[in-house]
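# Provide a 3D model corresponding to the input given below.
(one chain, ligands or ions: 1)
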Amino acid sequence: MKRYHKSVPTGRFAPSPTGRLHIGNLRTAVVAWLWSRYDNSQFLLRFEDLDERTVAAEHYESQQQDLQLLGLDWDDPIVNQTDRLDIYHDVLSQLVSQDLVYPCFCSRREIREAASAPHRSHAGPHYPGTCADLSSAQRSERAQTRSAALRIRGDENGRGFSDLVLGDQHFAVDDFVVQRNDGTPAYHLVVVVDDAASNIEVVVRADDLTDSTSRHLFLYELLGYEPPQYAHVPLVLAPNGDRLAKRHGAVTLEDRAGHGETPADVLSYLAASLNLCQPGEMVTASELRQRFDPAGLPTEPLVLEPNFLAD
Ligand code: GLU
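Predicted coordinates for the structure are as follows:
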């Protein structure tokens, strides 16, 4: 097993710099930070910035500022995935040379229509295998009109894992995309390559990625990396049950300031929602570090009150 050696175990927060962080993102960041810092481990910040259609240059800065306003810090260097494209392409070449991937010409719409059941999660609809067994003549023909994504051949047995927050989990591993059809390495690949390269011991992230984790574990096996443990933090939801987004109202630190709340107020609110202090009690990040208890984290989403969000 490959293990990049470091003396101190490492955690990370991996936002996409596409906008201001909202309180759902900040809540996950607080848990990720505490999980590392309560036992003095390293904590890394990684910008998942490969999707140039959605990345906005100013948000590398705004996201760092908002984390700092809550009292969170991180170890150098900050990783930008756009600096690591050569590494991802090397791993993709390795998968191609081992014949573990195949070109897929399906459009999103075709996949949606062919998938048996609608799927609400981040993992998206499970791929029905349309392009898995095309002949080379069929591939050449399809390649004339559409460029191909690369899909890895999954494993219908899926993979199970014991989530440090949510307990035992098991999900299917379909033939998922490792390179998009514009040539960009896909999230499921790069998250594994980067977490392995940074020697991440516990991946703390939001619960919408729980059902992608089986895919990630499958890739760890194929690439021969030692897998991390996972801790998925239940989502923050809007009053109607949707995953929280900017459009729901006062969700960023900037918006909360408009409600007269300081970053310290927001941190204390988030800490109470994580069972780390009493509602209304003021706490600082360094106090939370002393009292962090992973076993007490909630396993259900936090549903916001309409009043909380009103602009
Ligand atoms: N970039 C992802 C997000 O912002 C997080 C991915 C991860 O933590 O693995 O939702």
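# so where is the stretch 51-200 of the chain shaky, pLDDT-wise?
Residues of the stretch 51-200 of the chain meeting the criterion pLDDT under 70: 115-125.
# Just give me the neighbour total for the residue of it found nearest the ligand.
The ligand sits closest to residue 191 of the stretch 51-200 of the chain, with a gap of 4.7 Å, by CB to the nearest ligand atom. (Each C-beta comes from the backbone N, C-alpha and C, glycine too.) For residue 191, the count of nearby residues is 23 (other CB atoms under 10 Å).
# Report the secondary structure state of it.
helix (DSSP: H, G, I helix; E, B strand; the rest coil).
# Can you tell me the closest non-neighbouring residue to it?
residue 216 (6.4 Å; CB to CB, 6 or more residues apart in numbering).
# do you know how far the one you found is from the ligand?
8 Å (CB to the nearest ligand atom, to the nearest Å).
# Alpha carbons of the helix or strand where that residue lies, as CSV, please.
Element membership for residue 216 (DSSP states H and E) is helix 213-223. Coordinates of the C-alpha atoms in helix 213-223 are reproduced here as CSV (Å, rounded to 0.1, in the frame of the first residue of the first chain):
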residue,chain,number,x,y,z
THR,A,213,-18.0,7.1,-0.8
SER,A,214,-18.4,3.5,-2.0
ARG,A,215,-17.1,4.7,-5.4
HIS,A,216,-14.2,6.3,-3.7
LEU,A,217,-13.3,3.2,-1.7
PHE,A,218,-13.4,1.2,-4.9
LEU,A,219,-10.9,3.6,-6.5
TYR,A,220,-8.6,3.4,-3.5
GLU,A,221,-8.5,-0.4,-4.1
LEU,A,222,-7.8,-0.1,-7.8
LEU,A,223,-5.1,2.5,-7.2
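# Could you check how far that helix is from the centre of its chain?
Computed by CA atoms, centre = their mean, to the nearest Å, the chain-centroid distance of helix 213-223 equals 15 Å.
# same deal with stretch 139-158?
How far stretch 139-158 lies from its chain's middle: 24 Å, per CA atoms, centre = their mean.
# May I see the buried residues of it?
By 16 or more other CB atoms under 10 Å, the buried positions in stretch 139-158 come out as 142, 148, 149, 150, 151, 152, 153, 154, 155, 158.
# what does the stretch 201-311 of the chain put close to the ligand?
205, 209 (CB under 6 Å from any ligand atom).
# The residue of the stretch 201-311 of the chain at minimum distance from the ligand sits in which helix or strand?
As assessed by CB to the nearest ligand atom, the ligand sits closest to residue 205 within the stretch 201-311 of the chain, at 3.4 Å. Residue 205 belongs to strand 202-206 when assigned by DSSP H and E.
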